[in-house]
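**Q** Model the following, please.
(one chain, ligands or ions: 1)
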Amino acid sequence: MVNPPSSYVGRLAPSPTGRLHLGHARTFAVAHRRARAAGGRLLMRNDDLDAARCRPEFVAAMIEDLRWLGLEWAEPMVSQSARLDRYRAALERLHAAGVIFPCRHSRRELAEAAVSAPHEGAEGDEPFYPPVLRPPAGAPLPPLDEAGWGTNWRFRVPEGELVAFDDGYFGRQAAVAGSDLGDFLVWRKDGVPSYQLACAVDDAELGVTEVVRGADLIRSTFRQLLVIRALGRTAPGYYHCPLMLDEHGRRLAKRHDALALAELRACGVSPANLDLSV
Ligand code: GLU
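**A** Numbering: from 1, shown residues only. Below you'll find the model as predicted:
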């Protein structure tokens with residue numbers, strides 16, 4: 001008997017900003033195992049929008065590392081830099097829906113206003129946007145003309161609303177918009193979408209049914225759920241993997257060169273001997 005094709009679609013979404021390390025390997029191995037177990041497809045997304053940090057040689061390197069781990073995915077790889085028209089269309093939609101606002105404050109102004117706000121962003125997360133800088137709801141939006149595309153745009157979070165999802169690993173997760181979660185960047189004045197917008201658009205449009213990624217992105221999930229809803233799309237499920245910590249209890253980062261997969265490989269480590277369980 002032939003099983004019906006599975007509707008599961010997962011994705012691997014590395015950023016080509018450095019060598020992948022053991023923490024990435026574990027997250028990507030979990031994504032691979034879950035797609036396999038569901039009999040589904042796994043996409044490969046190249047998160048290459050950050051022109052200042054992404055380098056083509058890291059794209060080749062991450063593919064080499066993932067192949068060495070024995071992971072397989074559906075070709076062709078999707079590069080975010082080739083999907084700018086999709087992100088522009090999404091921003092137009094958010095603009096028409098009136099859920100974004102332009103933000104012309106400098107970083108210094110934001111930092112100064114943030115001092116008086118009691119919130120603090122987690123490590124690596126964007127800082128909480130000071131509510132005093134938010135234009136009043138219903139204020140007319142400038143058009144998305146040439147100047148408009150060269151402006152920072154933020155998503156206006158629905159004040160007081162509980163945003164929640166059931167995580168496949170961590171269980172129920174909830175945040176209150178406006179107190180746990182500030183207005184976040186969706187478009188940068190250099191003409192590039194933020195990670196939040198690009199990721200939400202891709203997961204929704206590419207038909208991803210489950211996002212497997214590190215627990216450092218749980219806060220981003222709340223934001224992406226808001227974007228996906230505002231775009232009128234269906235949200236995927238989420239499975240966040242606990243982060244791998246170093247001997248000092250700090251999360252592994254690209255600075256941990258000793259745990260780069262390329263280093264391990266060069267030392268003769270076999271992928272079969274890596275503990276990639278969660
Ligand atoms: N490219 C992102 C990163 O490496 C992950 C994005 C995601 O899985 O949503 O942090």
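**Q** Tell me which stretches of this structure form helices.
**A** Taking DSSP state H as the criterion, the chain carries its helices at 22-37, 56-68, 84-97, 107-115, 146-149, 195-205, 218-230, 261-266.
**Q** who wins for proximity to residue 162 among these?
**A** helix 218-230 (9.9 Å; Cβ to Cβ). (Glycine included, C-beta is placed from N, CA and C.)
**Q** Need the residues that contact the closest one.
**A** Residues outside helix 218-230 that contact it (Cβ atoms under 8 Å, 6 or more residues apart in numbering) are 90, 93-94, 97, 99, 122, 125, 155, 157-158, 163, 165, 167, 170, 173, 175, 177, 180-181, 184, 186, 195-197, 199-201, 203-204, 211, 234-235, 238, 240.
**Q** Okay, residue 91 and the ligand: tell me how far apart.
**A** Taking Cβ to the nearest ligand atom, to the nearest Å as the measure, residue 91 falls 19 Å from the ligand.
**Q** Who does the nearest residue in space to that residue that is not next to it in sequence form a beta bridge with?
**A** Of all residues not flanking residue 91 in the chain, residue 187 sits nearest, at 5.4 Å (Cβ to Cβ, 6 or more residues apart in numbering). Bridge pairing for residue 187 (DSSP bridges) gives the partners residue 153, residue 193.
**Q** circling back to that earlier point, any of the contacts of helix 218-230 buried? List them.
**A** For those, a neighbour count by 16 or more other Cβ atoms under 10 Å gives the buried set as 90, 94, 99, 155, 157, 163, 165, 167, 173, 175, 177, 181, 184, 186, 195-197, 199-201, 203-204, 211, 235, 238, 240.
**Q** got the residues of this structure near the ligand?
**A** Within the chain, the positions adjacent to the ligand are 13, 14, 15, 47, 199, 213, 217 by Cβ under 6 Å from any ligand atom.
**Q** okay, residue 123: pLDDT?
**A** For residue 123, the pLDDT comes out at 65.
**Q** Residue 107 now?
**A** 82.
**Q** Now for residue 163: which residues touch it?
**A** Contacts of residue 163 by Cβ under 8 Å, 6+ apart are 174, 175, 176, 177, 181, 222, 225, 226.
**Q** Residue 114: which of these is nearest?
**A** residue 181 (14.7 Å).
**Q** hang on, isn't the closest one packed against residue 175?
**A** Yes - at 5.0 Å, residue 181 counts as touching residue 175 under the criterion of Cβ atoms under 8 Å.
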